[in-house]
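Asker: This is a predicted model, with the sequence first.
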Amino acid sequence: MEQELDVQAKRDLMYGELDLGSLSIFSGSFINYGYWGELDPAREISIEERTASQAELYRQVVSRLEPRAREALLELGSGLGVGAALVAREFSVHVSGLDRSAAQLARAAETNDFTLKEMPDRLSFHRGSVTEIPWGDGSFDGVYAVEMLQHVDDLAAVAREAHRVLKPGGRFAAATFFAPDGADTVPVVDLLETVASGVDIIRPVGEFAADLTAAGFEVTVTAIGEHVWRQFDRWVAQTEYRDSWGRNWLRCYENGWVDYYLVTGHR
Ligand SMILES: C[S@@+](CC[C@H](N)C(=O)[O-])C[C@H]1O[C@@H](n2cnc3c(N)ncnc32)[C@H](O)[C@@H]1O
């Protein structure tokens, strides 16, 4: 238990005082590795392209929900809220963002001040944990998460809670890094600092798929690493983190130890 609290305190520090989203490996108030298209190898990646990659990851996830106009969606781990705002606007839906960090929620309120005033009934931010979602049964048409499940100790609880707050026929979609089933994850601990510290957990993707199935979802799993790792590594190489352990993500991917996944569930 003591160990668990230590890890949670590290995560809270990362999104509190340390303000992970302000690091140059991210941009545009997003905090994810991005879903990238083709890049011109002859020139540097622009900050606009970096931001666009992170926005595109949101589109890839939320389009899997096939949302209809005016439906109610819940985002798990909404961070600085720019993704939730993009989803509310581009998909014409209502988005409630949930995050456990008071600091992130304060930043989200400030960052999205204009959108919150412009469409107050379509975007809102709330404090709480994804393992105890503070809404009643059947509240949402869709639940999604972008690069946050790696921080959760109990993914079975997330699966149960997502199923509970969805209406019958509702959809779930999440993107983040997992290990391919059967992969050796031992080397990863020495190569990735956030895994060594316990801040990030890399588990076999099939374990989470099984959690969703047990909760009552019909599940699909798609590996999307070819759209993430090489391009993200090129971006990191352009930043002050070019000599950091962050370059090891690509090494882990190329060795088959880690991949990036889109996991969807139909209730
Ligand atoms: C890597 S950031 C991703 C933010 C956003 N989805 C994006 O792509 O820009 C992860 C976010 O999840 C939140 N988070 C981590 N664990 C959580 C939990 N158990 N419940 C709710 N939010 C959590 C963190 O506070 C942080 O804002």
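Answerer: Good, I have the coordinates.

Asker: near the ligand, which residues of the stretch 1-150 of the chain show up?
Answerer: Proximity of the stretch 1-150 of the chain to the ligand, by C-beta under 6 Å from any ligand atom, involves residues 11, 15, 30-32, 77-79, 83, 98-101, 104, 129-131, 146-148. (C-beta placed from N, C-alpha, C; glycine too.)

Asker: Spatially nearest residue to Leu57 (excluding sequence neighbours)?
Answerer: Tyr35 (4.1 Å; C-beta to C-beta, 6 or more residues apart in numbering).

Asker: Tell me if I am right that the one you found is in a helix.
Answerer: No: assigned with DSSP: H, G, I helix; E, B strand; the rest coil, Tyr35 falls outside any helix and is coil.

Asker: Do a quick rundown of the helices in this protein.
Answerer: Applying DSSP state H to the chain gives helices spanning 2-15, 47-63, 82-90, 102-111, 113-118, 155-165, 186-191, 193-196, 205-215, 229-238, 248-254.

Asker: okay, the angle between the fourth one and helix 2-15?
Answerer: The one in question is helix 102-111. Between the axes of helix 102-111 and helix 2-15, defined by axes from the mean of the first three to the mean of the last three C-alpha atoms, to 10 degrees, the angle is 20 degrees.

Asker: Flag every buried residue along helix 102-111.
Answerer: Neighbour-count burial for helix 102-111, with 16 or more other C-beta atoms under 10 Å as criterion, is recorded at 104-105, 107-108, 111.

Asker: quick one: terminal-to-terminal distance for stretch 72-84?
Answerer: Length of stretch 72-84, first residue to last, C-alpha to C-alpha, to the nearest Å: 12 Å.

Asker: What average pLDDT does that stretch get?
Answerer: Stretch 72-84 carries an average pLDDT of 98.

Asker: Return the member of the buried residues of helix 102-111 nearest to Ile201.
Answerer: Distance to Ile201, by C-beta to C-beta, is smallest for Gln104 among these, at 19.4 Å.

Asker: so what's the nearest residue to that closest one once chain neighbours are set aside up against?
Answerer: Distances taken as C-beta to C-beta, 6+ apart place Tyr15 nearest to Gln104, at 5.2 Å, with adjacent residues excluded. Counting by C-beta atoms under 8 Å, 6 or more residues apart in numbering, Tyr15 makes contact with 79, 101, 103-104.

Asker: Can you name the two of those residues that sit furthest apart?
Answerer: Pairwise distances across those (C-beta to C-beta) peak at 10.7 Å, for the pair Gly79 and Ala103.

Asker: remind me which residues of the stretch 1-150 of the chain are low pLDDT?
Answerer: Applying pLDDT under 70 to the stretch 1-150 of the chain flags residues 1-5.

Asker: Now the residue of the stretch 151-267 of the chain found nearest the ligand: closest residue in space, sequence neighbours ignored.
Answerer: Closest residue of the stretch 151-267 of the chain to the ligand, C-beta to the nearest ligand atom: His151 (4.0 Å). Excluding its sequence neighbours, the residue lying closest to His151 (C-beta to C-beta, 6+ apart) is Arg11, at 5.5 Å.

Asker: same question, Thr239
Answerer: Ser24 (4.5 Å).

Asker: Just list the residues touching that neighbour, thanks.
Answerer: Contacts for Ser24 (C-beta under 8 Å, 6+ apart) come out as 239-241.

Asker: With Asn112 instead?
Answerer: Listed by C-beta under 8 Å, 6+ apart, the contact set of Asn112 reads 81-82, 84-85, 123, 125.

Asker: So it versus the ligand, what's the distance?
Answerer: Asn112 sits 12 Å away from the ligand, taking C-beta to the nearest ligand atom, to the nearest Å as the criterion.

Asker: so what's the backbone phi/psi at that residue?
Answerer: Dihedral angles of Asn112 (phi, psi; degrees, to the nearest 10) stand at phi -110, psi 20.

Asker: farthest residue from the center of this protein?
Answerer: Using C-alpha atoms, centre = their mean, the residue of the chain lying farthest from its centre is Ala42. It sits 30.1 Å away.

Asker: Give me the phi and psi angles of it.
Answerer: Dihedral angles (degrees, to the nearest 10) for Ala42: phi -80, psi -10.
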